[in-house]
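Asks: With the input below, show me the fold.
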Amino acid sequence: MDFQKYQIWIKQFLREGKVISPGVTEYSEEIIKQNSQILIQIIRQHAENKEYQSLANLAELLRGECFFCNDYIEEWGIILEMMLLQAIVVFDNEEVFRDHDILWLPHTLYDLIFHQISFDEYPPSCFELYFKLSKRVLYPGFMRLYESDKNGSYSQCLYFIEGASRSFAMQPEKFLELWALIESQIKKDNGYYWLDEYWPTTYKELINSAK
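Replies: A predicted model of the protein is given here:
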């Protein structure tokens with residue numbers, strides 16, 4: 001489906017609770033489910049074509065329209081998982097170095113997750129991918145995206161990781177893996193400024209609770 005066409009379509013659905021289909025005018029769980037299933041196909045198509053900018057635009061639509069603020073349905077777990085996988089891909093294939101604007105994709109997903117997602121409702125695979133994405137973002141090789149030109153979207157990824165310290169602390173092994181990467185940045189004192197009240201404080205609390 002042409003991106004501009006489905007952009008118009010998804011905006012209408014999200015804002016008015018209806019789709020462009022004969023006889024369908026009422027907002028219902030069934031409509032949400034049907035449109036979510038179509039959205040899965042759209043995401044899959046963009047992923048296969050490596051259309052990362054289109055995925056970033058779509059993520060921004062979902063964020064801006066508070067798509068995940070309604071009651072959870074199974075399709076949303078699939079959608080979030082697919083989007084997180086593609087955000088990881090742009091780091092793994094180093095696309096982020098070829099086009100810094102693609103950082104808008106992980107940036108928008110972090111924002112969306114922070115404000116709309118409760119991982120307790122989602123499959124464990126979603127939090128696992130969230131963790132893997134955060135490892136990519138914090139990896140020293142990618143930190144130079146921040147250090148080189150203070151990239152705004154990369155900085156926002158770090159900002160949302162910073163605010164998620166207690167979420168990661170619920171799984172101590174994951175927290176400690178990320179903390180090792182963050183602590184090295186704090187010691188260098190030449191990258192992102194990590195506030196004491198988040199990861200450093202949570203780390204101390206975690207260690208003290210284990211004694």
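Asks: Would you mind naming the helix or strand containing the residue nearest the centre of the chain?
Replies: With distances taken as Cα atoms, centre = their mean, L109 lies nearest the centre of the chain, 2.5 Å away. Using DSSP states H and E, L109 sits within helix 104-116.
Asks: Buried ones in the helix or strand just after that helix, by neighbour count?
Replies: For helix 104-116, the succeeding helix or strand toward the C-terminus, using DSSP H and E, is helix 124-138. Across helix 124-138, burial judged by 16 or more other Cβ atoms under 10 Å covers 126-127, 129-134, 136-138. In short, each C-beta sits where N, CA and C put it, glycine included.
Asks: From L39, how far out is the residue nearest to the centre of the chain?
Replies: 15 Å (Cβ to Cβ, to the nearest Å).
Asks: Ok, K132 next?
Replies: 23 Å.
Asks: cool, and D71?
Replies: Distance from D71 to L39, by Cβ to Cβ: 17 Å.
Asks: of these two, who's got more company?
Replies: Each of D71 and L39 has its neighbours counted (other Cβ atoms under 10 Å); L39 has more, 22 against 8.
Asks: secondary structure element for that one?
Replies: helix 29-48.
Asks: next one: Y72
Replies: Going by DSSP H and E, Y72 is not in any helix or strand.
Asks: same thing with L178?
Replies: Per DSSP H and E: helix 172-188 holds L178.
Asks: Which is the succeeding secondary structure element to that helix?
Replies: helix 199-209.
Asks: could you dump that next one to CSV, C-alpha only?
Replies: Extracted as CSV, the C-alpha positions of helix 199-209 are listed here (Å, rounded to 0.1, in the frame of the first residue of the first chain):
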residue,chain,number,x,y,z
TRP,A,199,20.8,4.9,37.1
PRO,A,200,23.5,5.6,39.8
THR,A,201,20.9,5.8,42.6
THR,A,202,18.9,2.7,41.3
TYR,A,203,22.2,0.8,41.1
LYS,A,204,23.0,1.6,44.7
GLU,A,205,19.5,0.5,45.8
LEU,A,206,19.8,-2.7,43.9
ILE,A,207,23.1,-3.6,45.4
ASN,A,208,22.0,-2.7,48.9
SER,A,209,18.8,-4.8,48.5
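Asks: which helices and strands does it pack with?
Replies: Secondary-structure packing of helix 199-209 (3 or more Cβ pairs under 8 Å, 6 or more residues apart in numbering; DSSP states H and E): helix 165-169, helix 172-188.
Asks: most neighbours per residue, which of the ones you listed?
Replies: Across the helices and strands packed on helix 199-209, averaging neighbours per residue (mean count of other Cβ atoms under 10 Å) puts helix 165-169 on top, at a mean of 19.
Asks: Give me the residues contacting that one.
Replies: Applying Cβ atoms under 8 Å, 6 or more residues apart in numbering, the external contacts of helix 165-169 come out as 119, 131, 134, 174-175, 178, 198-199, 201-202, 205-206.
Asks: Check stretch 138-146 too.
Replies: Against stretch 138-146 from outside (Cβ under 8 Å, 6+ apart): 91, 96-97, 100, 103, 136, 151, 154-155, 158, 161, 178, 181-182, 184-185, 191-192.
Asks: How about stretch 97-110?
Replies: Contact with stretch 97-110 is made by 52-53, 55-56, 59-60, 63, 83-84, 86-87, 90-91, 95-96, 133, 137, 145, 149, 151, 153-154, 156-157, 159-161, as judged by Cβ under 8 Å, 6+ apart.
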